[in-house]
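J.: Got a predicted structure plus its sequence, pasted below:
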Amino acid sequence: MSKKIIELKNITKSFDHQTILDQINLTIYENEFLTLLGPSGCGKTTILRIIGGFVEADGGEVIFDGKNIASLPPYKREVNTVFQKYALFPFMNVHDNVAFGLTIKKLKKSEIDRKVSEMLKLVGLEGFEKRNVNQLSGGQQQRVAIARALVNEPKVLLLDEPLGALDAKLRKDMQTELKKIQKEIGITFIFVTHDQEEALSMSDTVVVMNHGSIQQIGSPIDIYNEPKNRFVANFIGESNIIPGIMKSDYLVQFDHCDFPCVDHGFLPDEEIEIVLRPEDIILSPPEHGQLTGIVTDITFKGVHYEIIMKGTCRNYKVQTTKYYELGTELGMSVIPDNIHVMHKMKEEWQ
Amino acid sequence: MKHFRSMTIPYIVWALAFIVAPFVLIIIYAFTDGGLSLTDASFSLDSFHDMIDPLYATVFARSFETGLITTAVCFLLGYPMAYFITKFDEKVQSILILLTTIPMWINLLLRTYAWIGILSDNGILNAVLKSLGIQPISVMYTGVAVNIGLVCNFLPFMILPIHTSLSKMDPSLLEAAYDLGANKVQAFVKVVFKYSIPGVLNGVILTFLMAISAFVIPKLLGGGQYTLLGNLIENQFISVGNWNFGSAISFILAIVILFTISFLKRVDPDDET
Amino acid sequence: MKKFHTSKLLYGIYIGILFVFFYLPIAVTMFFSFNSSKSLTHFSGFSLRWYVNLITDREIVDAVWVSISIAILATLISTILGTLTSIGISKCRKVIRELFMNINNIPMMNPDIVTAIGFMILFSSLRIPKGYYTMLLAHITFCTPYVITSVWPKVKNLDPNLADAAMDLGATPFQALYKVLLPMLKEGIFAGALLAFTMSFDDFVISYFVTGNGVSNISIIVYNMTKRTNPTINALSTIVILVIFVTMFIVRFIPYIVRKNKKGRNHILHEEIN
């Protein structure tokens, strides 16, 4: 069982009479890659800054390695941060930037030089010591920022949307790199992003947030396949969210049709919501489908086509690799495993 | 972060003591009648009533008139200067601007003193005129001398903002005007001048406000006979000892200037807070 | 093309005439500082007697000392005060910041006669004897806003995360200030200090009203001497003018010289790598 490294207990924070964080409880373990995921303004960066020591929570405890560090200033914490726009010191070269934390600790010059070149090698910037940081590309600057943080051997690394400024291809490459570095160094990475694909591909644990509270915590697969509520279902991947009734265990009714499913534990005839992923809806000739509909829109997305099917009760978003003419009547089916039932979300949370 | 905010405290204390307090004191003296000591002071608008006296009204009028003349001359001489400077290339321009600025850094007293040497009755100007066979002119201690001194002093303050405004103009605006059929004069009036108006306003208002509150130049080049508001204030405090009246005039002068500048800052889009 | 050149010539002539207007008093002053006689209109011969007089005249030497020492002290204190305050105010809320900037602008926008009167009233009311220290206090007060005006725009443009990054890496707030923020603000601080020095050295009206006890600076001495012509003043002016000219040109052209050196060094570095 992994050891707990950070525990946030009942953290609250308001600013200008607006609630930024509402009773946040979160446990973070050693060696895990944890991502705080959510839309702008959900509070994920605030949590990061509270852990880093740049913002003080209004209430609650921040336990680090068993001790409450809520009042500890950032320069006394064993965490380091990679900032969104890197915050490299423009008047220093790469070596001096990376060495900054070590010079503060007053290590010997030879020691500093050794650690800096080791770290530059790790991030793929071997030999860049004397370079001017202003002349580096975005990707290179980012690696300097990572090296600068990691060289101090923190117990936890905080990353505040570090890949936001990079173009798509570079982003994907850096995602792989960061994951590799995390595994190699073996410390906890707390990563903040609003990009759900990024979160799913890199993380061991994903924390989905909205409006200052945690919506769901789980592994990428859990979050994707079993979203707890409408917000998570909508935010992660594409989804069709359909209101329905849980007739009894393993049987759900929606859109005038009964479907066998794998969920249970709901009250009989409870109003619930169903999530159907577009890639899980199987298209067939109309007589073979559980539901029927007409193709009203088809968009080529490269990997697949995205089709809007107009059914009797609503439109469905469907992903398929086959092309269909507009106006074609088709049947839609879904296997029980792919019907996911959620408790109906309270109105004010939507 | 909280840590750095406390660094402002020393200066805030200092500012309260040395910027706010004196200003408040001026206001208090302006609106009371106790004289030097405030112990017997009571609210009074006497000082403001006194200002309407013709003796002092002339001073106000003369200051205003001087301000207008100085500003007008500075504008007429300074705008072409600023405009012509922009016609040269960048390196030359920065040297020209540097040369324009340098006199501003030289002590005002020293510069004004030099003008005395030139303009006085037995000064250089008359020496040159005499050698050319022209009647010497007695300009010293008159309004003319004061205005010359003021114009010489304030011209850079008119030139710099106008030049800044003009040099920010994208030259393709002129090309667009020509392309659309304007001739040189029209293009200048409709495009260039219009574009430079913020700088012009800046320069004009700055020059005017500084001219009406001038103190040294009227005193040195105008002798005791050419009293402007600044001299009046000095007179009230040093010679006459009427601190209330002196404060009242200071108060009016300060309020006019502060309001005008705040207005200017609101109009000028280049200002940053 | 011909038209183009003649118009530039005309521009140059106009600019030249105005420069004559600006520099005439300066030139005349410098010219007559070398006059062997007392006259300011007839040049009798070349002489350095007035420069000698400058060094021996007790009054003038004292005044120069006062001007320079106050300028240096006021610059030092106002630069430190102004820089720290600019950094601190950037972390305050907008409302406080705006109020503060307005108050800060008052000494710059007020005519100096009003500022001078204000100080005079303040010192009299508090029964502080007027002299060197009141002059110093007044100078610091009107110099600091200029420093803030120079430094604040640079602070505003700083990446707000820089100080956080430094502290994240283990620097105390003081270390973050010293190692990261101040180096980044170097240019603004220097420009502010230069401005402060000039404002102080140049000042007359405020110094005139807040001094006492026989303490005078250069401006006050000149003011008192204008009734009698004294070419010693010309000598003083000439020195001041030359110093200013040299300083302004150095300040302007230092960046070019530094850049040229850097280019040379980079060139060598590249060659070594290759």
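T.: Right, received. Where do you want to start?
J.: Longest helix in the chain, by number of residues?
T.: With no chain named, the answer covers chain A. helix A:168-185 (DSSP state H).
J.: Switch to chain B, please.
T.: Chain B, longest helix under DSSP H: helix B:54-85.
J.: Just name whatever secondary elements it is in contact with.
T.: Under the contact criterion of 3 or more Cβ pairs under 8 Å, 6 or more residues apart in numbering or on different chains; DSSP states H and E, helix B:54-85 touches helix B:90-105, helix B:143-167, helix B:194-212, helix B:229-234, helix C:2-32. Quick note: C-beta positions are derived from backbone N, CA and C, even for glycine.
J.: what about the residue in the stretch 151-300 of chain A positioned nearest to chain C, which SS state?
T.: Nearest residue of the stretch 151-300 of chain A to chain C: A:N152, at 6.4 Å (Cβ to the nearest Cβ). Under the three-state scheme (DSSP: H, G, I helix; E, B strand; the rest coil), A:N152 adopts coil.
J.: count of neighbours near it?
T.: Residues lying near A:N152 (other Cβ atoms under 10 Å in any protein chain shown) number 21.
J.: gap between it and C:K179?
T.: 15 Å (Cβ to Cβ, to the nearest Å).
J.: which non-adjacent residue is nearest the residue nearest the centre of chain C?
T.: The centroid of chain C falls nearest to C:T198 when counting by Cα atoms, centre = their mean (1.9 Å). Nearest residue to C:T198 in three dimensions, chain neighbours excluded: B:W105, at 5.3 Å (Cβ to Cβ, 6 or more residues apart in numbering or on different chains).
J.: Any regions of chain A where pLDDT drops low?
T.: Within chain A, the ranges that satisfy pLDDT under 70 run A:1, A:346-350.
J.: 50 instead, please
T.: Residues of chain A meeting the criterion pLDDT under 50: A:349-350.
J.: Domain ranges for it, per the record?
T.: A:4-230, A:242-349 (automatic domain parsing).
J.: now those domains in TSV, with distance to C:T75?
T.: Output for the domains of chain A, formatted as TSV (distance: least, Cβ to Cβ, whole Å):
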stretch	distance to C:T75
domain A:4-230	24
domain A:242-349	60
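J.: Need these in JSON lines (columns: distance to chain B).
T.: Putting the domains of chain A into JSON lines (distance: least, Cβ to the nearest Cβ, whole Å) gives the following:
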{"stretch": "domain A:4-230", "distance to chain B": "7"}
{"stretch": "domain A:242-349", "distance to chain B": "34"}
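J.: Relative to B:P198, which of the ones you listed is closest?
T.: domain A:4-230 (32.4 Å; Cβ to Cβ).
J.: circling back to that earlier point, of all the domains of chain A, which gets the most neighbours per residue?
T.: domain A:4-230 (a mean of 18; mean count of other Cβ atoms under 10 Å in any protein chain shown).
J.: How far does that one stretch from one end to the other?
T.: 30 Å (Cα to Cα, to the nearest Å).
J.: same deal with stretch A:192-207?
T.: End-to-end distance (Cα to Cα), stretch A:192-207: 10 Å.
J.: got the contact list for it?
T.: A:26, A:32-40, A:44-45, A:48, A:158-161, A:163-164, A:171, A:175, A:178-179, A:191, A:214, A:216-220, A:223-224, A:235-237 (Cβ atoms under 8 Å, 6 or more residues apart in numbering or on different chains).
J.: Any idea how far that stretch is from the middle of the chain?
T.: How far stretch A:192-207 lies from its chain's middle: 3 Å, per Cα atoms, centre = their mean, to the nearest Å.
J.: Can you give me the neighbour number for the residue nearest to B:I124 when sequence neighbours are not counted?
T.: Using Cβ to Cβ, 6+ apart and skipping the chain neighbours, the partner closest in space to B:I124 is B:I118 (4.7 Å). For B:I118, the neighbour count with other Cβ under 10 Å is 22.
J.: doesn't B:N126 make contact with B:I118?
T.: No. B:I118 sits out of contact with B:N126 when judged by Cβ atoms under 8 Å, with a separation of 9.2 Å.
J.: picking that back up, which of the helices and strands packed on helix B:54-85 comes out lowest on mean pLDDT?
T.: Of all the helices and strands packed on helix B:54-85, mean pLDDT reaches its minimum on helix C:2-32 (a mean of 83).
J.: Show me what that one is packed against.
T.: helix B:54-85, helix B:90-105, helix B:108-119, helix B:143-167, helix C:231-273.
J.: show me where pLDDT drops low in the stretch 101-250 of chain C?
T.: Ranges of the stretch 101-250 of chain C meeting pLDDT under 50: none found.
J.: cutoff 80 now
T.: Residue ranges of the stretch 101-250 of chain C with pLDDT under 80: C:212-213, C:225-230, C:248-249.
J.: Show the backbone phi and psi for A:V151.
T.: phi -60, psi -20 (degrees, to the nearest 10).
J.: and it, what does it touch?
T.: By Cβ under 8 Å, 6+ apart, the neighbours of A:V151 are A:98-99, A:101-102, A:115-116, A:119.
J.: Inside helices: which ones of these?
T.: Those of the contacts of A:V151 lying in helices (DSSP H): A:98-99, A:101-102, A:115-116, A:119.
J.: From these, list the ones also adjacent to chain C.
T.: For chain C, the contacts drawn from the ones in helices among the contacts of A:V151 by Cβ under 8 Å from any Cβ of the partner chain are A:G101.
J.: and of the helices and strands packed on helix B:54-85, who's closest to A:L21?
T.: Nearest to A:L21, of the helices and strands packed on helix B:54-85 and by Cβ to Cβ, is helix B:194-212 at 45.5 Å.
J.: And for the following helix or strand past that closest one, what's in contact with it?
T.: Sequence-wise, the next helix or strand downstream of helix B:194-212 (DSSP states H and E) is helix B:216-222. For helix B:216-222, the surrounding residues in contact (Cβ under 8 Å, 6+ apart) are B:66, B:108-109, B:112-113, B:115-116, B:119, B:140-143, B:145-146, B:148-150, B:153, B:226-228, B:230-231, B:234, C:204-205, C:223, C:226.
J.: Now do the SS call for the closest residue to A:F64 other than its chain neighbours.
T.: Of all residues not flanking A:F64 in the chain, A:I6 sits nearest, at 5.6 Å (Cβ to Cβ, 6+ apart). Under three-state DSSP, A:I6 falls in the strand class.
J.: tell me which residues form a beta bridge with A:I6?
T.: For A:I6, the beta-bridge partners are A:I28, A:F64 (DSSP bridges).
J.: Hmm, A:Y305 and A:Y323 touching each other?
T.: Yes. Here A:Y323 reaches A:Y305: they are 6.2 Å apart, a contact under Cβ under 8 Å.
J.: residues contacting A:P39?
T.: Counted by Cβ under 8 Å, 6+ apart, A:P39 has contacts A:194, A:210, A:235.
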